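1. Task: produce atomic coordinates for the following.
(2 chains)
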Protein chains: 2
Amino acid sequence: MNLHIIKIGGNVIDNSENLHRFLKDFAALDGYKILVHGGGKVATQLATTLGIESKLVDGRRITDIETLRVVTMVYAGLINKNIVAALQAVNCNAIGLTGADGNFILAKKRPVKTIDYGFVGDIDDNSINPGNLKNLLDAGFVPVFSALTHDGAGQLLNTNADTIASALAVALAKTYQTTLIYCFEKKGVLQDIDDEDSLIREIDPERYEELKEKQIINGGMLPKLDNAFTAIACGVKAVIIGKADELGLLKQNHSFGTRLSTRI
Amino acid sequence: MNLHIIKIGGNVIDNSENLHRFLKDFAALDGYKILVHGGGKVATQLATTLGIESKLVDGRRITDIETLRVVTMVYAGLINKNIVAALQAVNCNAIGLTGADGNFILAKKRPVKTIDYGFVGDIDDNSINPGNLKNLLDAGFVPVFSALTHDGAGQLLNTNADTIASALAVALAKTYQTTLIYCFEKKGVLQDIDDEDSLIREIDPERYEELKEKQIINGGMLPKLDNAFTAIACGVKAVIIGKADELGLLKQNHSFGTRLSTRI
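-> This next block holds a predicted model:
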């Protein structure tokens, strides 16, 4: 059976019209599917209103206890449950989750080295319980994960949504023909970052090495693609990187954006 | 199979020590089980901090769009997910839900008569999808419901937790030997409201009529018990009204507090 795991970020969540169009396309996808969402601007806005300073180190949020309360309210409450209600309205039997629910994603609090990230969870090869998730999928539910996990001892932990999506894909790749899809603000991997028409449609590991050598892929795209090829090496069938509002093309063309796989 | 549906309110949720003791006792219960929780003081506190006025009419919260955002964050996010993480820590495979998740509880926005309650949902005989819930219970999960439902068209609705608990009990009574338990601040129904030692251990419909005639039961307890006997008339095996910190007695004595049933 096919399984699509799709991650959306703030650029989709923060715009109600974009979000609803995306959710309609998501609902229309055949086969098993899982949605993973980040937080968007709402968490930062709420923290500001509550007088909680948002501290970022290298783009990563330091999650003190007050910030954890905010992200738990915004990610698992406000955003997650509104997505679930919107999916139910288009006949998609969504069920909104964190990694604590069903013990689906067990994380470890990030150890303090030079920086104390606070209540941030790191996940590893043993974090995901695929049996529990398979039960939920087989029962006909469509899991919608917010970017929170737990430590198994009662502590919720803030966890990167990209990482959750790829860990889910790898853990379920043994059971399903799994495609991992990252929706972001561009059409996909571009030859020229300023030209949306320069989309590279397919990349295999060989082509990836070439593109890196020629410095066509660099900066923030490198860790994204490195993670993608790691997921593929672990059994994920393909990784697609593209724009949320083009998800509808997946049903027609079996792909959209940039498709990464072992072989073109 | 036995199913226990237990509702806890603010008096349990607002005290971390009480809550954790209760959750340990809940986790230890055999058979199928469902937890339903209200909101406690946290929603009112957050609303106040955000400058949103809490409007109550006859003790019922008017839920405008801003208040709905607050209760969605607090009930479905903060309280629900911390309860789930705490249950997982005592090996109870909890899964935190609203009525939107899995389309478990479909409500209707309360019609405006003299008062506009805003985004408040009323539930009826067709609100609960027992098949969907049975799938979840059979898959080994322990549902934890916060006091939110949806209208099926994308709108979340604030819904009374007592009502959710009794509607779940009635809907599932055909499938399971269902006991509905309301935890509140007293030991149960008391002969003398100021004397915790005057607990009435069992009430059947006949005794209930006597107690009402003698005005031993009156005031706020009347609608609670009327609802309880309605649930029993609809097939719920028994309703227990008691103190959360005595739930542990249920395992030993098969009851605690006041037990309502068709026959003593």
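2. Using just helix, strand and coil, how would you label residue A:163?
-> helix (DSSP: H, G, I helix; E, B strand; the rest coil).
3. surely it meets residue A:123?
-> Yes. Using CB atoms under 8 Å, residue A:163 makes contact with residue A:123 at a distance of 6.2 Å. Any C-beta I mention is one placed from the backbone N, CA and C, and that applies to glycine too.
4. Neighbours of the residue lying closest to residue A:107 once chain neighbours are set aside, how many?
-> Ranked by CB to CB, 6 or more residues apart in numbering or on different chains and with sequence neighbours excluded, the top spatial neighbour of residue A:107 is residue A:121, at 3.0 Å. Residue A:121 has 27 neighbours, counted by other CB atoms under 10 Å in any protein chain shown.
5. Would you confirm that residue A:121 belongs to a strand?
-> Yes. Looking at residue A:121 with three-state DSSP, it is inside a strand.
6. so how far is residue A:145 from residue A:101?
-> 9 Å (CB to CB, to the nearest Å).
7. For the two, indicate the residue with more neighbours.
-> The neighbour comparison of residue A:101 against residue A:145 (other CB under 10 Å) goes to residue A:101, with 33 against 28.
8. unless I'm mixing things up, that one is touching residue B:94, no?
-> Yes. Look at residue A:101 against residue B:94 with CB under 8 Å: they come within range, at 6.9 Å.
9. Now for these two: what residues contact both?
-> Jointly contacting residue A:101 and residue B:94 under the rule CB atoms under 8 Å, 6 or more residues apart in numbering or on different chains are residue B:84.
10. Just give the nearest non-adjacent residue to the residue of chain A found nearest chain B, would you?
-> The minimum distance from chain A to chain B, using CB to the nearest CB, falls at residue A:77 (2.4 Å). Computed as CB to CB, 6+ apart, the closest residue to residue A:77 that is not its neighbour in sequence is residue B:77, at 2.4 Å.
11. Torsion angles phi and psi at the one you found?
-> The phi/psi pair for residue B:77 (degrees, to the nearest 10) reads phi -100, psi -80.
12. okay, it: pLDDT?
-> On pLDDT, residue B:77 comes in at 98.
13. Residue A:264 too?
-> In this model, residue A:264 carries a pLDDT of 55.
14. Strands of the stretch 51-200 of chain A, start to end?
-> Using DSSP state E, counting those that start in this stretch, the strands found in the stretch 51-200 of chain A span residues A:56-57, A:60-61, A:94-97, A:108-109, A:121-122, A:142-146, A:148-150, A:156-158, A:177-184.
15. Those: lowest mean pLDDT?
-> Minimum mean pLDDT among these: strand A:60-61, a mean of 78.
16. What strands line up against that one, and which way round?
-> strand A:56-57 (antiparallel) (DSSP bridges).
17. quick one, what contacts residue A:37?
-> By CB under 8 Å, 6+ apart, the contact set of residue A:37 is A:7-9, A:13, A:75, A:79-80, A:83, A:144-147, A:161.
18. repeat that for 10 Å
-> With contact set as CB atoms under 10 Å, 6 or more residues apart in numbering or on different chains, residue A:37 has these partners: A:6-10, A:12-13, A:19, A:75, A:79-80, A:83, A:96, A:144-147, A:161, A:164-165, A:183.
19. that older thread, overlap in contacts, residue A:163 and residue A:123.
-> Contacts common to residue A:163 and residue A:123, judged by CB under 10 Å, 6+ apart, are A:105, A:107, A:149.
20. Isn't the second one up against residue A:122?
-> Yes. The pair residue A:107 and residue A:122 passes the contact test of CB atoms under 10 Å, sitting 6.0 Å apart.
21. Which of the two has more residues huddled nearby?
-> The neighbour comparison of residue A:107 against residue A:122 (other CB under 10 Å) goes to residue A:107, with 26 against 16.
22. distance of that one from residue B:85?
-> Distance, residue A:107 to residue B:85, using CB to CB: 11 Å.
23. now residue A:23
-> Computed as CB to CB, the residue A:23 to residue B:85 distance reads 27 Å.
24. is stretch A:147-158 up against chain B anywhere?
-> Yes. Using CB under 10 Å from any CB of the partner chain, we find that stretch A:147-158 touches chain B at A:148, A:149, A:150, A:151, A:152, A:153, A:154, A:155, A:156, A:157.
25. Show me the common contact partners of residue A:107 and residue B:85, please.
-> Here residue A:107 and residue B:85 share the contacting residues A:99, A:100, A:148, A:149, A:150, A:151, A:152, A:155, A:156, A:157, scored by CB under 10 Å, 6+ apart.
26. Grab the nearest non-local neighbour of the last one.
-> The reference is to residue A:157. In this structure, residue A:157 finds its nearest non-sequential neighbour in residue A:121, 2.9 Å apart by CB to CB, 6+ apart.
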